[in-house]
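> Here's my sequence, what's the structure:
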Amino acid sequence: MMVENNTPIVHLHKFREKKQLQGEEASFQLIDKVKRYSARHLNIREMVRAKHIFKLHLQLKEEDEIPSSLYQLFTDWLIFDYQTIHGVSVFQLFLQRQRNQMREYEMIQAALCMASVMEPLLITDYDGKTIIGYDLNEEEQVVSLNNVEHSSLTIEKGMVVFLRRIPGIKNDFAFTPFLLCPHVHFFIELRTNYQRMGKNDTLRSFLKHRALDILPERQYWEVVSQ
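The predicted model follows:
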């Protein structure tokens with residue numbers, strides 16, 4: 001009798017799991033399409049300009065190539081936060097050209113992706129798949145990670161993770177590479193700076209306008225693929 005009564009709950013759980021995975025898969029596929037678009041359609045002048053700005057913010061030498069360890073971060077910033085000479089992001093350019101060829105569910109995922117920002121979370125728990133942590137508003141967030149590739153750092157309580165997340169059916173999920181920083185004082189400094197802004201800026205706007213500036217010095221964090 002107990003099994004029978006729980007059957008609808010089990011089905012609902014499986015349904016939510018399925019929809020969560022579908023949303024994650026659709027987002028990763030969409031980002032792959034945007035990456036291919038940027039590789040094919042951004043002209044050399046635009047790429048040179050983007051790399052110059054990226055190197056300037058991360059204090060890289062202008063004459064050096066962007067290190068392979070940072071290239072995923074560069075691509076993520078290029079797609080979402082870099083303002084092209086057209087005054088919009090690469091992601092927006094992609095949507096302008098591909099909108100008529102996209103299905104409804106792809107447009108929904110695109111809207112969610114476009115609204116995302118790179119943000120820090122102070123980790124309070126991690127079970128190998130899901131991070132629980134506090135954002136700069138001191139609100140608890142639950143974020144699923146995909147297949148985390150090798151990292152020299154172990155994700156632990158008290159670390160700071162910089163990630164880009166969007167909502168799913170069950171919980172939010174990170175859909176781009178993320179940054180891992182073992183030093184909590186960077187999070188505290190950011191939170192203090194944000195709180196000093198008062199109500200003059202929303203959290204999203206605060207982070208969006210400081211996409212690279214919110215990052216600690218380069219030796220204090222590592223890019224983790226997923």
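
> Check which helices and strands the top helix by length along the chain sits against.
Ranked by number of residues, the top helix in the chain under DSSP state H is helix 2-41. In terms of contacts (3 or more Cβ pairs under 8 Å, 6 or more residues apart in numbering; DSSP states H and E), helix 2-41 is packed against helix 68-80, helix 90-98, helix 104-114, strand 172-174. (C-beta placed from N, C-alpha, C; glycine too.)

> if we go to 10 Å?
Here helix 2-41 touches helix 44-57, helix 68-80, helix 90-98, helix 104-114, strand 140-144, strand 160-166, strand 172-174, going by 3 or more Cβ pairs under 10 Å, 6 or more residues apart in numbering; DSSP states H and E.

> and the residue nearest in space to the middle of the chain, what does it touch?
Central residue of the chain (Cα atoms, centre = their mean): Arg164, 1.7 Å from the mean position. Arg164 makes contacts with 31, 76, 80-81, 113, 116-119, 143, 174-178, 207, as judged by Cβ atoms under 10 Å, 6 or more residues apart in numbering.

> Okay, now the unreliable bits of the protein?
Confidence mapping of the chain against pLDDT under 70 gives the ranges 1-6, 149-151, 199.

> Walk me through the domains of it.
2-113, 117-224 (automatic domain parsing).

> Deepest in the core, which of those domains is it.
domain 117-224 (a mean of 16; mean count of other Cβ atoms under 10 Å).

> Between its first and last residues, how far does that domain reach?
End-to-end span of domain 117-224 (Cα to Cα, to the nearest Å): 17 Å.

> Could you export stretch 200-212 as CSV, CA atoms only?
The C-alpha coordinates for stretch 200-212 follow below in CSV (Å, rounded to 0.1, in the frame of the first residue of the first chain):
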residue,chain,number,x,y,z
ASN,A,200,21.7,52.1,-6.5
ASP,A,201,22.4,48.9,-8.4
THR,A,202,20.8,45.4,-8.6
LEU,A,203,23.1,42.4,-8.0
ARG,A,204,22.9,41.4,-11.7
SER,A,205,23.8,44.9,-12.9
PHE,A,206,26.6,45.2,-10.3
LEU,A,207,28.1,41.9,-11.6
LYS,A,208,27.4,42.4,-15.3
HIS,A,209,29.2,45.8,-15.4
ARG,A,210,32.2,44.3,-13.6
ALA,A,211,32.5,40.9,-15.4
LEU,A,212,36.3,40.7,-15.3
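
> and for it, what are the contacting residues?
53-54, 56-58, 73-74, 76-77, 80-82, 115-120, 135-137, 139, 162, 164, 190, 193-194, 197, 213-214.

> Scan the protein for its longest strand.
strand 118-126 (DSSP state E).

> just checking, what packs against that one?
So strand 118-126, by 3+ Cβ pairs under 10 Å, 6+ apart, packs with helix 68-80, strand 130-134, strand 140-144, strand 160-166, strand 178-181, helix 185-196, helix 203-208.
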